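# this one's sequence-less:
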């Protein structure tokens with residue numbers, strides 16, 4: 001398999017993509033992953049109506065910055081008018097690809113008849129996709145689950161293709177499963193057989209072995225990694241864990257970018273989840289070190305503690 005593929009006219013320089021993740025894939029994380037070689041890192045989920053109204057925190061989720069090889073903005077909504085406005089605004093903001101969320105299982109999203117709830121009304125889901133396609137010149141893609149409580153993804157993917165979508169990503173669980181059990185990559189093969197557009201497999205891909213198995217079982221064109229990228233922004237470029245010194249440099253650069261983007265006070269709070277993952281994923285990490293570093297109250301203390309932790313490991 002070639003290392004490259006395309007979504008409509010947009011070339012993607014690799015087949016391992018990083019998913020949109022609320023509270024995770026903000027601009028500093030996307031830049032960190034891009035510096036590590038990720039070819040595709042989507043934004044956090046952006047609510048179309050709040051985006052169109054210019055709510056600052058939502059606009060910030062769609063922020064464009066230098067150093068990104070590709071700009072993918074993911075939208076969520078339930079109203080065709082707002083979806084169309086969101087798609088147009090995403091293009092104006094610099095998106096190369098506009099992704100529509102039809103897979104989020106969170107109660108606050110599905111309860112508002114958005115995200116995975118749209119898999120219960122495929123006619124309406126198709127109207128939303130068509131509205132997005134009609135509002136932008138950029139490729140529109142759709143991220144979905146296998147269904148709400150049964151297999152609906154092949155039919156939704158076929159409708160998405162008919163409405164003009166350029167690719168689909170399928171997480172191998174239903175909404176009712178949330179994140180329980182194992183992702184069913186074989187079920188995604190039904191989606192692959194249903195459409196001609198690229199299909200991207202998502203769910204439980206964390207290393208080279210699971211990536212190979214996900215591709216083999218699904219027949220998909222590419223892989224999308226979500227939780228497997230926590231504390232590992234390099235994962236879309238290499239399955240091998242970088243040297244310890246490189247990991248420290250990545251974490252410190254990511255931290256500095258987060259502080260610059262949000263300011264020190266908010267940046268420190270936002271980064272704590274990433275800090276915990278960096279420490280937890282390190283071979284010498286653990287709950288005690290994670291807990292201690294995440295309680296620190298100033299950026300300088302965090303930087304000093306990270307460097308001290310790594311220095312102690314090197315001296316051991």
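Sure thing, it's come through. Predicted model only: the values in this text are computed from it and were never measured.

# Near residue 162, how many other residues are there?
Here the count is done by other C-beta atoms under 10 Å, and residue 162 has 12 residues near it. Backbone N, C-alpha and C define where each C-beta goes, glycine included.

# any idea how far residue 146 lies from residue 194?
Note on residue 146: its distance to residue 194, by C-beta to C-beta, to the nearest Å, is 13 Å.

# Between those two, tell me which one has more neighbours.
For the pair residue 146 and residue 194, the greater number of neighbours falls to residue 146 (29 against 18), based on other C-beta under 10 Å.

# where along the stretch 151-300 of the chain do the helices fall?
Using DSSP state H, counting those that start in this stretch, the helices found in the stretch 151-300 of the chain span residues 153-163, 185-194, 208-218, 244-262, 264-281, 287-294, 299-315.

# so of these, which one's packed in deepest?
Most buried of the helices of the stretch 151-300 of the chain by mean neighbour count (mean count of other C-beta atoms under 10 Å) is helix 153-163; its value is a mean of 21.

# Residue 153 and residue 142: what is the separation?
Taken as C-beta to C-beta, the span from residue 153 to residue 142 is 10 Å.

# likewise residue 261?
29 Å.

# which other residues reach the lowest-mean-pLDDT helix or strand in the chain?
Least confident element among the helices and strands of the chain, by mean pLDDT, DSSP states H and E: helix 299-315 (a mean of 84). Under the contact criterion C-beta atoms under 8 Å, 6 or more residues apart in numbering, helix 299-315 has outside partners 244-245, 248, 251-252, 255, 259, 264, 267-268, 271, 275, 278-279, 282-284, 289, 292-293, 296.

# do stretch 20-34 as well
Applying C-beta under 8 Å, 6+ apart, the contact partners of stretch 20-34 are 18-19, 41-45, 60-61, 63-65, 67-69, 72, 74, 99, 101, 104, 106, 143, 226-227, 229-230, 233-234, 236, 250, 253-254, 257-258, 261, 270, 273-274.

# Could you pull up the contacting residues of residue 188?
Going by C-beta under 8 Å, 6+ apart, residue 188 touches 146, 153, 170, 172, 199, 201, 217-220.

# Need the mean per-residue confidence for stretch 87-107.
Per-residue pLDDT over stretch 87-107 has a mean of 96.

# cool, and stretch 116-127?
Mean predicted lDDT for stretch 116-127 stands at 97.

# do stretch 215-227 as well
For stretch 215-227, mean pLDDT is 98.

# Contacts only, for the residue lying closest to residue 154 once chain neighbours are set aside.
Ranked by C-beta to C-beta, 6 or more residues apart in numbering and with sequence neighbours excluded, the top spatial neighbour of residue 154 is residue 194, at 4.1 Å. Going by C-beta under 8 Å, 6+ apart, residue 194 touches 154-155, 157-158.

# How about residue 13?
Going by C-beta under 8 Å, 6+ apart, residue 13 touches 3-4, 39, 69.

# Most neighbours out of those, which is it?
residue 39 (22 neighbours).

# What does that one show for phi and psi?
phi -80, psi -20 (degrees, to the nearest 10).
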